[in-house]
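Q: Structure for this input, please:
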Amino acid sequence: MALSSFTDNATGTPGGHDDPPEVRTLAERVFQQLQSAIVRGELAPGAKITEPGLAKAYGISRGPLREAMRRLEAHRLIERIPHVGARVVKLSMRELLELFDLREALESMAARLAARHMTATEIAGLRDVLAVHERQEDLQRDEAYFQREGDLDFHYCIVQGSHNRMLMTMLCDDLYYLVRLYRTQFSANGARPQRAFVEHHRIVDAIEAGDEELAELLMRRHVSASRENVAKHYAEALEGEAGHADSEERSTP
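A: Below you'll find the model as predicted:
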């Protein structure tokens, strides 16, 4: 999808609902559009991005664009390579597995703490999030399970419910967009969307019951299953890229 075709309907930043477009800074709006495009795969992993190209697509000056790109880099969605320029991040298989190992450890801890600390109001809000997800057409067709960011992201809400500021910083700020990128692009395949949705309900049941051990166990199993699914489909994508490259090489005179 061309960048110029994006509409101004980017999702809100983690921690709150969408701000009215008129109160967002230009850099914030560009950041939101670009991070959404990267997470959804509209800007492919490894794709080169340039300031002149983005400035032309958005019709903005380099100042706001540079600020947006600095934020993308801070959130690990783009990387700057000497003598090459900026590219959308592309993790190796090893880096991807390490990321999910970290998720499994930290999010299971967050679920345990959520079972200890979440209030009845917070739990009701979590069930409301799942009710919103259940109405999604992609989930009903068993094609995908796309969660919007922040307050409409189940995993984000669980981490917030832990009431642990260190975990919130690590999982809702430092690693949030990178985790969301791979979770979105490689986990919504086959029977996994509906299965993940059912697992979410079971985790909430354990949290509501105040069963810390069960909440931790269910979240650990949930993230582990996601890890296996993401790794499988990422490996298939890498094989497809390698096969395409070989085909092009053979066809070159």
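Q: Only C-alpha atoms from now on, for both contacts and neighbour counts.
A: Will do.
Q: Okay, now the unreliable bits of the stretch 101-250 of the chain?
A: Residues of the stretch 101-250 of the chain that meet the criterion pLDDT under 70 lie in 137-151, 187-191, 241-250.
Q: redo that, cut-off 50
A: For the stretch 101-250 of the chain, applying pLDDT under 50 flags the ranges 143.
Q: would you list every one of the helices in it?
A: Taking DSSP state H, counting those that start in this stretch as the criterion, the stretch 101-250 of the chain carries its helices at 120-134, 137-140, 154-161, 165-169, 176-186, 192-208, 212-251.
Q: Could you check stretch 27-45 and say which residues are buried?
A: 27-41, 43, 45 (16 or more other C-alpha atoms under 10 Å).
Q: Mind checking which of those land in strands?
A: With DSSP state E as the criterion, strands contain none of these.
Q: Can you give me the distance of Ile60 to Tyr182?
A: Between Ile60 and Tyr182 the distance is 29 Å, computed by C-alpha to C-alpha, to the nearest Å.
Q: can you give me phi and psi for Val88?
A: In terms of degrees, to the nearest 10, the main-chain angles of Val88 are phi -70, psi 140.
Q: ok, it touching Val39?
A: No: under the criterion of C-alpha atoms under 8 Å, Val88 is not in contact with Val39, lying 10.1 Å apart.
Q: and Glu51, what does it touch?
A: Taking C-alpha atoms under 8 Å, 6 or more residues apart in numbering as the definition of contact, the neighbours of Glu51 are 62, 65-66.
Q: Going by neighbour count, which of those comes out on top?
A: Neighbours here mean other C-alpha atoms under 10 Å. Within the contacts of Glu51, the largest count is held by Leu65, at 22 neighbours.
Q: With adjacent residues omitted, what lies nearest to that residue?
A: Here the nearest residue to Leu65 in space, its sequence neighbours aside, is Ala27; by C-alpha to C-alpha, 6 or more residues apart in numbering that works out to 6.1 Å.
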